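Sequence first, then the predicted structure, then my questions.
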Amino acid sequence: MTITKRVTFIAKPDGIEKMKELLSAMVEPSKKEDGCLFYEIVQYENKREKFMAIETWRDEKALDGHKASEHYKIYKSSFEPYCEKKYTDELEVLA
């Protein structure tokens with residue numbers, strides 16, 4: 001069963017550019033991972049401090065592999081000083 005998530009990040013006012021850098025660095029390597037079906041990160045045009053990652057993984061094993069990747073570890077150990085709030089929504093794809 002696929003896993004689809006939406007992760008929202010609200011950057012601190014002085015952390016917007018660093019959050020953009022950290023999140024952007026995740027896109028290409030994540031897309032190359034086995035089991036990645038969809039992975040995009042967007043920045044809101046009207047709220048530059050707000051970012052959203054939308055990702056779909058083939059299964060729990062693929063998501064676990066993503067969480068064990070080097071680029072994920074770098075992001076995970078680096079984002080908190082620049083992030084005011086982060087929350088995740090589990091999504092169900094209809095159809």
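Done, it's in. Numbering: from 1, shown residues only.

For the rest of this, base every contact and every neighbour count on C-alpha atoms.
Fine.

For the residue nearest to the spatial centre of the chain, which non-adjacent residue is closest in space?
With distances taken as CA atoms, centre = their mean, residue 53 lies nearest the centre of the chain, 4.0 Å away. Leaving aside its sequence neighbours, residue 53 sits nearest to residue 41 (CA to CA, 6 or more residues apart in numbering; 4.2 Å).

what residues does stretch 10-21 touch?
Residues from elsewhere that reach stretch 10-21, judged by CA atoms under 8 Å, 6 or more residues apart in numbering: 43, 48, 49, 50, 51, 79, 81, 82, 83, 84, 85, 86.

okay, the residue nearest to the centre of the chain: pLDDT?
Confidence at residue 53, expressed as pLDDT, is 97.

picking up where we left off before, please pick the buried ones from the contacts of stretch 10-21.
Among the contacts of stretch 10-21, those buried by neighbour count (16 or more other CA atoms under 10 Å) are 43, 49, 50, 51, 79, 82, 83.

mind giving me JSON lines with these and columns for secondary structure and distance to residue 31?
Listed next are the buried ones among the contacts of stretch 10-21 as JSON lines, based on DSSP: H, G, I helix; E, B strand; the rest coil; distance: CA to CA, whole Å:
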{"residue": "43", "secondary structure": "strand", "distance to residue 31": "18"}
{"residue": "49", "secondary structure": "coil", "distance to residue 31": "24"}
{"residue": "50", "secondary structure": "strand", "distance to residue 31": "22"}
{"residue": "51", "secondary structure": "strand", "distance to residue 31": "18"}
{"residue": "79", "secondary structure": "coil", "distance to residue 31": "20"}
{"residue": "82", "secondary structure": "helix", "distance to residue 31": "24"}
{"residue": "83", "secondary structure": "strand", "distance to residue 31": "23"}
